[in-house]
Structures are given as C-alpha cells and as structure tokens.
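>>> here is the input, now give the coordinates:
(2 chains)
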There are 2 protein chains.
Amino acid sequence: MCTQLSTPGEYADLLDKFDTFMFDCDGVLWSGDHLIGGVIEALHLLRSKGKNILFVTNNATKSRKSYKKKFDGFGIEAHVEEIFGSAYAAAVYISTVVKLPKDKKVYVIGMSGVEEELHNEGVSYIGGTDPADTTFEPFDLKNFTPDPDVSVVLCGLDTNINYTKLSKAFRYLHTNPECLFIATNEDSTFPSTGGILPGAGSISAPLRYALGRDPVCTGKPSQSMLDCIQAKVHFDPKRTIMIGDRLNTDILFGKAGGVSTLLVLTGVTAKEEVLAPGATPIAVPDYMTQSIGDFAVLATPN
Amino acid sequence: MCTQLSTPGEYADLLDKFDTFMFDCDGVLWSGDHLIGGVIEALHLLRSKGKNILFVTNNATKSRKSYKKKFDGFGIEAHVEEIFGSAYAAAVYISTVVKLPKDKKVYVIGMSGVEEELHNEGVSYIGGTDPADTTFEPFDLKNFTPDPDVSVVLCGLDTNINYTKLSKAFRYLHTNPECLFIATNEDSTFPSTGGILPGAGSISAPLRYALGRDPVCTGKPSQSMLDCIQAKVHFDPKRTIMIGDRLNTDILFGKAGGVSTLLVLTGVTAKEEVLAPGATPIAVPDYMTQSIGDFAVLATPN
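The predicted model follows:
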C-alpha cells in the first residue's frame, strides 16, 4: 500500500512521524549537474525542525570528502559525517567484515573515490586510477604478472573502464576462487544531465558474465550499507525514512532495513512502475511524492 | 550418450560417416598463438579423403579475409570461402534478414573484422574503430549528437571497449526501442595464449544489464550462422559433423542444426563437465576426443 502525498497536512504528518531522514542524492537532490527545485528549502525546513539528515548514495566515484564539495557547489548544507557512499561502505566492509590482512591487496576497477576510502580505512590497493591500467594497448597475458597479494577485486563505476582492467580483474578472480568479488553497487544506470547512462552494475556486468558468479554488493540495497551507518550514527528504524528515486536500490534498501520509504519521481522510477494495473514492482514504497521540493510547501515564508 | 573415441578403428569409422567437417577454430585448431599438435596432419588427412572442410568461428575481430591470414601463419590450408565468422554472419543477417534500408546505419562496438564484413555487405556503419570513440575523455550527453539514421547497434569483441562506446550504444538502444540490438556472439570468454580472457559476450554484458534486454545473436549457437553457411555451401546435415571445444556454442549449435557433434578438450570445456556424475551439461556431444590431432593416427606415414 503506497500513500501518495499531496496536501500540506499529509506532508506535515510525515514530518511528525520521523526523526531521521535518509536521502539518496542522484535523482533526489539533483540530476547530474541540475539541482532539483525546492531541495534547499526542504532540507532547510527539516534541519530547522531538528531532524537528523543522512545522505546515503551509491555514487562510488567520489569519497565522502569530495562528495561534500558537490553539495557545496549546489549550496546544500551537508557535513562529511552525514554522507555515506558505497565506496565508503565497500572500504569499511573490506576492513571490518572481510578483515583483509595488512599484507593483502585489493585490485580496483573504479575511480578516485574508491581509492580514497580504501586508503582512509588502511586497505592497500592496486589498479584504480593507475595510468598503467588506463590504456588501449592490447592486453597480453604474457606481459601480465599477477600480484600474488591481491585477494579482493572491488568494482565500482569507472568511466575509464577498458579491456586491460577487465582482463586483470577477470584473471585475479578466475585463477583464484578464493579471491573475493565485491561491487560497490549494482545500479544498472544513473541519472546524468540529459538522461541516464550505464551505471556501476554495468561496469561489473562483464565480470559477472565471464565468471558466471555475482559479486557481493556493499551499496544499497545491501544491508552492508546500513551496517556502516549504524556503526557511526544512532537512529531508531521506526522513526526513520529512506527517500529515493529507485525501487531496486533505495526502496528495497529501506524495506530490508526495517525503515519507512518514500519514492520521489525526479529520477529513474516512473509512477506507473508502482501504480499501473498489473505492475509488479520489486518493492512498494510506503509513500510517494513528485519531488523532495514538495515539502517546501511547509516552509514558513520569511 | 557421448562416445569417447580412442582406437584407430573408431576414428576411421567416424571419417566414413561424414562428408562435411565444420571446425571451430580457437581452442580446436589453435589456442591463442599456439598451434595444437597434429592439426595440420589431421586436416591434410581429411582433404586427402575428399572431405568438405568448413571453419565456423565466433571470432568477430577479423573478417574472413584477414582470418585466412591467421591460417596462413600457422601453415594450415584454408580458403576464404571455407571460413564463416560471426562478423560475417552478423553482416549477412543485417543485409538479408533485417534488410536494413540503405539510408540507415549500424552503430558498431567491435573491431575491423566487423567493419570489413559490413562494408562487404554494403551496410553503412559508424563507431567501431573510429578514433573519436576510442577515448578516455569523459562522456557527456551535452556533447553527443545521436545520428538519427542509426537503427541497429551491433556488438562484438572489442578490446578497445570504453565508456564512450558503451554510453553511445546504450543511448541509441535506450532512447529508441525500435533500434535493434545484435551481438556477433555471446562467448563469455575465449582461449588466449596462457589462459582465457573475457569474450564478446562480456563486452555486450554492460548493455544487456543497463537495458534489461538481450541482443539477437548471430554467431554460434544461433542458427543465423547455419543459415549463412547454407546459403553458400551445400551439405547434408546427416553426413555433417561440428567439431568444437565449447558446449554452449559449438555443440549446442550443431545439435540445434541437426548435425552430429564432436567435443575436443583442447579449449574451454573440460571432460568432467560432460561425464562427471551429476554433471548437467547444456548439450551432450555425440563424440568426444582429446584433440583434433588424435585423427592423425590415421595418416599414412610418407
């Protein structure tokens, strides 16, 4: 049962019900480099009412620290400790759940965000933004000396993806069944300015297909992300709501974690995917509204 | 029921049963740049007995003409008209089954082999080896003007795969549900010197994943490949045998086409995948032998 919010009273009731608001970012606060209307006012309203705000993003291209700059650029108040990204969740998972020995390494398909978070967690890595792997030179196994210390392959969105990176990652995983295969997130696409583009799940897809095995995923909807948040922030699931634009990440994540869920329609999921007759959504949100900006109706005019 | 060949009599019987021998190449005749022992002798034996020989390969990186050079390099007798590649099958499929209008184009993820075969069939294309698409420059939709004439995306093995190519192909397919999605072949891996590497199926995997739709495949096991062969060569399926190293391409292809099948163990498939207790092979070959070179036992010493 999904409640569609429309009247100011309904928005006010929702605010009363929850203390902690977890926001997805891409498709909720902004779309590519376009700020969604009313977002600043809505977040300001929540802060003025003493609500806890958390930003829970599957974007793994940036560390939390550099992701904060994105908020700054939009003029959105945000603090590094409020930001939880899938690169951070992956790094925490590797250091605290996998407990990767200090002499072992991660082979990274991903961008600087993944590298920074691994570094911050004291995890050694190779690959990533290494210029030696950002190449169109033909990949030849004869010239590849695998690093015997690699025991994890971590894959996130990497817009420098290429055959050398895929081949190295594949060889680490294929030749060593003990090598862990971890993905920051499985989003098939992400909202960019002007439309959607292939997401992190599409970057790990060649490895899944070639290996015939699926990665452990640390981003939404995985509960590894929630474990990561719970280790740092106190929140009562009963008084917490996850707000997102995707059923198969945000809404599924909230439901699996026992928090309430609100779908906004400014990103990937269309209203019909939930409400059309015969629709079989992977998860049904508790609430739905067009945009986060809708909450701005509650703001007192200054 | 799979007959394991071992005695000279069994090899001789098999030769008597068939007139046309269809060979997969990678993993059967050679592995990467390593010729499999006895291949030249075995093929010479077949030719000396007047057998028809066809080479049926999913390798789409080379046109038939440039693929012949690979045979020449190994000293294997082969003729262009005996060679059927998945790039050729794709080009023939587009020109004769799709009947792509002359003013329409194919966006290619693939290498020169695909381009040459499309050109030979009179099909216009963009992408492919175009240096503008072989780039690590960030892909930005703002700078992308889709070609309105593109109505097919054709994807083959492309070792210059990158985010720009994936994004362009994704946008053509995502924004136009009428745009056809064709893959030369779906091999997850291919045998290279020193081990297997991600194959053509792994290159189209990001598009499948991002789009949530599968391509039409023209290489083995698709019968588009057999249609292509039948249009050019006469053979009696009852007296034809397909020889390959992969169950899910070669053996499935042969079985679906009503020809007999022989699995060799010099490539991807291991004996246990067919014969181990509890094994559930996707297709069971009629015959099995270690290597094509085994047929050389029948060669008369000069």
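
>>> for the residue most central in space within chain A, what are its contacts?
Computing the C-alpha centroid of chain A and ranking residues by Cα atoms, centre = their mean puts residue A:58 first, at 0.8 Å. Counting by Cβ atoms under 8 Å, 6 or more residues apart in numbering or on different chains, residue A:58 touches A:24, A:85-86, A:184-185, A:187, A:200, A:219-220, A:249. Heads up, the C-betas are built off the backbone N, CA and C, glycines and all.

>>> in helices only, show me the residues you listed.
For those, the ones inside helices are A:86, A:200, with DSSP state H as the criterion.

>>> nearest to chain B among the contacts of residue A:58?
Distances from the contacts of residue A:58 to chain B were compared by Cβ to the nearest Cβ; the smallest belongs to residue A:187, at 9.4 Å.

>>> count of neighbours near the closest residue in space to that closest one that isn't next to it in sequence?
What sits nearest to residue A:187 in space, not counting adjacent residues and going by Cβ to Cβ, 6 or more residues apart in numbering or on different chains, is residue A:199, at 3.8 Å. Residue A:199 is surrounded by 28 other residues when neighbours are defined as other Cβ atoms under 10 Å in any protein chain shown.

>>> does residue A:199 really touch residue A:155, like I thought?
No - taking contact to mean Cβ atoms under 8 Å, the distance of 11.8 Å between residue A:199 and residue A:155 leaves them out of contact.

>>> which residues does the nearest residue to residue A:18 once chain neighbours are set aside contact?
Spatial nearest neighbour of residue A:18, excluding adjacent residues (Cβ to Cβ, 6+ apart): residue A:241 at 4.6 Å. The neighbourhood of residue A:241, defined by Cβ under 8 Å, 6+ apart, consists of A:14, A:17-18, A:20-22, A:254, A:259-262, A:286-287.

>>> if we use 6 Å, what do you get?
By Cβ atoms under 6 Å, 6 or more residues apart in numbering or on different chains, residue A:241 lies in contact with A:18, A:21, A:260, A:262.

>>> what kind of secondary structure is it in?
When classified by DSSP: H, G, I helix; E, B strand; the rest coil, residue A:241 comes out as strand.

>>> list the beta-bridge partners for it.
residue A:21, residue A:260 (DSSP bridges).

>>> show me where the stretch 101-250 of chain A has strands.
Listed in chain order, the strands of the stretch 101-250 of chain A (DSSP state E, counting those that start in this stretch) span residues A:105-109, A:124-127, A:150-155, A:180-183, A:189-192, A:195-198, A:216-217, A:240-244.

>>> part of a helix, is residue A:294?
Yes - following the definition three-state DSSP, residue A:294 is counted among the residues of a helix.

>>> stretch A:167-176 close to chain B?
Yes - using Cβ under 6 Å from any Cβ of the partner chain, a contact is recorded between stretch A:167-176 and chain B, made by A:167, A:170.

>>> distance from the chain centre to stretch A:40-58, please.
The chain centroid and the centroid of stretch A:40-58 are separated by 18 Å under Cα atoms, centre = their mean, to the nearest Å.

>>> near chain B at all, the helix-or-strand element of chain A with minimal mean pLDDT?
Least confident helix or strand of chain A, by mean pLDDT, DSSP states H and E, is strand A:189-192 with a mean of 87. Yes - applying Cβ under 6 Å from any Cβ, one finds strand A:189-192 touching chain B at A:189, A:192.

>>> so what strands line up beside that strand?
Its sheet considered, strand A:189-192 pairs with strand A:195-198 (antiparallel) by DSSP bridges.

>>> relative to residue B:1, how far out is residue A:126?
When Cβ to Cβ, to the nearest Å is applied, the distance between residue A:126 and residue B:1 equals 49 Å.

>>> same question, residue A:38
Between residue A:38 and residue B:1 the distance, using Cβ to Cβ, works out to 69 Å.

>>> ok, which pair from the contacts of residue A:241 is furthest apart?
A:21 and A:260 (10.2 Å; Cβ to Cβ).

>>> neighbour count winner among those two?
Using other Cβ under 10 Å, the more surrounded residue of residue A:21 and residue A:260 is residue A:21, with 24 against 20.

>>> state the distance from the more buried one to residue A:244.
Distance from residue A:21 to residue A:244, counting by Cβ to Cβ: 11 Å.

>>> so where's chain A uncertain?
Filtered on pLDDT under 70, chain A yields the residue ranges A:300-302.

>>> now the nearest residue to residue A:171 once chain neighbours are set aside: phi and psi?
Spatial nearest neighbour of residue A:171, excluding adjacent residues (Cβ to Cβ, 6+ apart): residue A:146 at 6.2 Å. Residue A:146 adopts backbone torsions of phi -60, psi 140, taken as degrees, to the nearest 10.

>>> number of nearby residues for residue A:146?
By the measure other Cβ under 10 Å, the count of residues near residue A:146 is 13.

>>> next: residue A:11.
Quick note: residue A:11 (other Cβ under 10 Å) scores 19 neighbours.

>>> would you agree it falls within a helix?
Yes - counting by three-state DSSP, residue A:11 falls inside a helix.

>>> list the residues that contact it.
For residue A:11, the contacting residues are A:5, A:295, A:298, taking Cβ under 6 Å, 6+ apart as the criterion.

>>> what's the closest non-adjacent residue to residue A:125?
What sits nearest to residue A:125 in space, not counting adjacent residues and going by Cβ to Cβ, 6+ apart, is residue A:106, at 4.2 Å.

>>> how near is residue A:19 to residue A:78?
Applying Cβ to Cβ, the value for residue A:19 to residue A:78 is 18 Å.

>>> what about the two, which has more around it?
residue A:78 (22 against 16).

>>> around residue A:121, count how many other residues there are.
The number of residues near residue A:121, taken as other Cβ under 10 Å, comes to 16.
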